[in-house]
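S.K.: Test case, fold it:
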Amino acid sequence: MWEILWPAWLGGSLAALMAAPLGCLLVWRRLSFFGDSLAHATLLGAGLSLLFHIPVWGGILGVCTLLALMLAGLLNRSRLPSDALLTLLSATTLSAGLIAIRFNPGAPVDLQAWLFGDLLALTPADLPLLAGGTALILGIVAAFWQPFVLATLDERLAAVEGAPVVRLRILLLLLLALAVTLAMKVAGSLLITALLVIPPLAVRPLARQPAAMALLAALAGVLAVSGGLLASFQWDAPVGPSIVLTAAMLFALVHVTAPRSS
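M.R.: Numbering: from 1, shown residues only. Model (predicted):
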């Protein structure tokens with residue numbers, strides 16, 4: 001049993017680590033719908049990959065990257081409210097992905113795994129790519145952390161200070177596209193957003209500084225992965241939803257017990 005659980009735990013923990021700082025930046029910017037839109041785009045990328053007979057992960061990354069660049073341009077120029085535009089794109093890409101998969105009746109498709117993840121299917125061979133992607137994302141975030149935080153607090157002030165606000169926004173979305181692609185096997189297209197958003201929300205009352213919140217969010221994500229795997233093993237529950245429910249329980253616990261002044 002340990003031979004199955006340790007790759008799943010390590011892979012899930014890596015996904016939680018790379019999601020934590022990106023999720024904090026999204027929560028601070030009130031842009032959590034970005035993660036949802038990109039997560040749903042993974043299904044479209046998978047469906048198009050099957051249609052055109054290209055590697056699935058390449059198709060997912062390509063679609064997520066194109067959508068991230070399109071969102072970076074549209075949100076500044078569109079007259080539509082940002083949340084409405086993101087909901088439109090999210091529903092459209094998810095529906096288009098399901099239709100694309102439907103036109104591949106002979107393809108070996110595990111739709112439930114794509115929607116909700118299949119963490120227990122991770123093998124030691126999957127871990128180097130996930131670890132490398134996590135290291136790349138965390139390294140870039142660390143290098144640009146101060147400009148990211150400044151742009152999150154006030155983009156006009158960041159621009160006055162000389163920060164390349166537009167390029168930082170594009171970089172954040174590209175990093176998010178990469179993280180969503182890597183995390184799809186862990187959480188699936190419908191649950192990736194929860195991994196990005198719930199841990200930062202759970203620890204928000206406990207943190208006084210941005211870096212502390214990112215670190216605590218990473219810890220909360222790892223605890224959610226550990227608890228979800230334990231619950232799945234104990235009660236034979238689906239792993240992905242178990243991880244999300246564990247994260248939600250952490251959120252409820254912190255917000256019930258945290259001092260009101262927080």
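
S.K.: Within the helices and strands, which one has the closest residue in space to residue 123 that isn't next to it in sequence?
M.R.: Distance criterion C-beta to C-beta, 6 or more residues apart in numbering; nearest residue to residue 123, sequence neighbours excluded, is residue 7 at 5.7 Å. From N, CA and C alone the C-beta is placed, and that goes for glycine too. Element membership of residue 7, judged by DSSP states H and E, is helix 2-29.

S.K.: Output the contacting helices and strands for that helix.
M.R.: Counting contacts by 3 or more C-beta pairs under 8 Å, 6 or more residues apart in numbering; DSSP states H and E, helix 2-29 packs against helix 32-52, helix 127-143, helix 145-153, helix 165-187, helix 192-203, helix 210-235.

S.K.: Out of those, which gets nearest to residue 12?
M.R.: helix 210-235 (3.6 Å; C-beta to C-beta).

S.K.: Could you list the buried residues of stretch 247-255?
M.R.: Using 16 or more other C-beta atoms under 10 Å as the test for burial, stretch 247-255 gives 247, 249, 250, 251, 254.

S.K.: what sits against the fourth one?
M.R.: Residue 251 makes contacts with 198, 201, 202, as judged by C-beta atoms under 8 Å, 6 or more residues apart in numbering.

S.K.: CA atoms only for the helix or strand hosting residue 86, dumped as CSV, please.
M.R.: According to DSSP H and E, residue 86 maps onto helix 82-102. What follows is helix 82-102, C-alpha atoms only, in CSV (Å, rounded to 0.1, in the frame of the first residue of the first chain):
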residue,chain,number,x,y,z
SER,A,82,-14.3,40.8,-15.4
ASP,A,83,-16.2,38.1,-13.4
ALA,A,84,-18.9,37.9,-16.1
LEU,A,85,-16.2,37.5,-18.8
LEU,A,86,-14.3,34.9,-16.9
THR,A,87,-17.5,32.9,-16.2
LEU,A,88,-18.3,33.0,-19.9
LEU,A,89,-14.9,31.7,-20.9
SER,A,90,-15.0,29.1,-18.2
ALA,A,91,-18.3,27.6,-19.2
THR,A,92,-17.4,27.8,-22.9
THR,A,93,-14.1,26.0,-22.6
LEU,A,94,-15.5,23.3,-20.3
SER,A,95,-18.4,22.7,-22.7
ALA,A,96,-16.2,22.7,-25.8
GLY,A,97,-13.9,20.2,-24.1
LEU,A,98,-16.7,17.8,-23.3
ILE,A,99,-17.9,18.0,-26.9
ALA,A,100,-14.4,17.5,-28.3
ILE,A,101,-14.0,14.4,-26.1
ARG,A,102,-17.5,13.1,-27.2
